[in-house]
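**Student:** Pasting the sequence and the predicted coordinates here, then a few questions.
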Amino acid sequence: MNRIKEVRIKKGLSQTELARRAHVASTNLSAVECGRLAAWPKLRKSLVRILGVPEYELFPNGHTEV
């Protein structure tokens, strides 16, 4: 499982705002946060940059589940 939602909330961002900054639909971000959709490489890089954390903090298993 990933930690996007947890980190997003700690940073004070709504799901809508994070999706807007990452240039993805809120529905896609929601699916990635709950593990229904794997985060593609470009999205992973965007989330790391926006949230200001290392990739391993968002994706501790090194990958995302589908």
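**Tutor:** Done, it's in.
**Student:** all contacts plus neighbour counts: C-alpha atoms, from now on.
**Tutor:** Will do.
**Student:** What are the buried residues along stretch 27-39?
**Tutor:** Buried residues in stretch 27-39, defined by neighbour count with 16 or more other CA atoms under 10 Å: Leu29, Ser30, Val32, Glu33, Cys34, Ala38, Ala39.
**Student:** for the protein, what's the longest helix?
**Tutor:** helix 41-51 (DSSP state H).
**Student:** Which helix or strand in this protein has the lowest average pLDDT?
**Tutor:** Lowest by mean pLDDT, DSSP states H and E among the helices and strands of the chain is helix 55-58, with a mean of 93.
**Student:** CA atoms only for that one - export them in CSV, please.
**Tutor:** What follows is helix 55-58, C-alpha atoms only, in CSV (Å, rounded to 0.1, in the frame of the first residue of the first chain):
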residue,chain,number,x,y,z
GLU,A,55,9.7,8.3,-3.1
TYR,A,56,10.3,5.5,-0.6
GLU,A,57,8.2,7.4,1.9
LEU,A,58,5.2,7.4,-0.4
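**Student:** Could I get the buried residue list for it?
**Tutor:** Buried residues in helix 55-58, counted by 16+ other CA under 10 Å: Glu55, Leu58.
**Student:** ok, residues contacting it?
**Tutor:** Residues from elsewhere that reach helix 55-58 (CA atoms under 8 Å, 6 or more residues apart in numbering): Asn2, Arg3, Ile4, Val7, Arg44, Lys45, Val48, Gly62.
**Student:** element containing the fourth one?
**Tutor:** Per DSSP states H and E, Val7 falls inside helix 4-10.
**Student:** Report the buried residues of that helix.
**Tutor:** Within helix 4-10, the residues that qualify as buried are Ile4, Lys5, Val7, Arg8, counting by 16+ other CA under 10 Å.
**Student:** mean confidence score for that helix?
**Tutor:** Mean pLDDT, helix 4-10: 96.
**Student:** From the chain's centroid, how far away is that helix?
**Tutor:** On the basis of CA atoms, centre = their mean, to the nearest Å, helix 4-10 sits 8 Å off its chain's mean C-alpha point.
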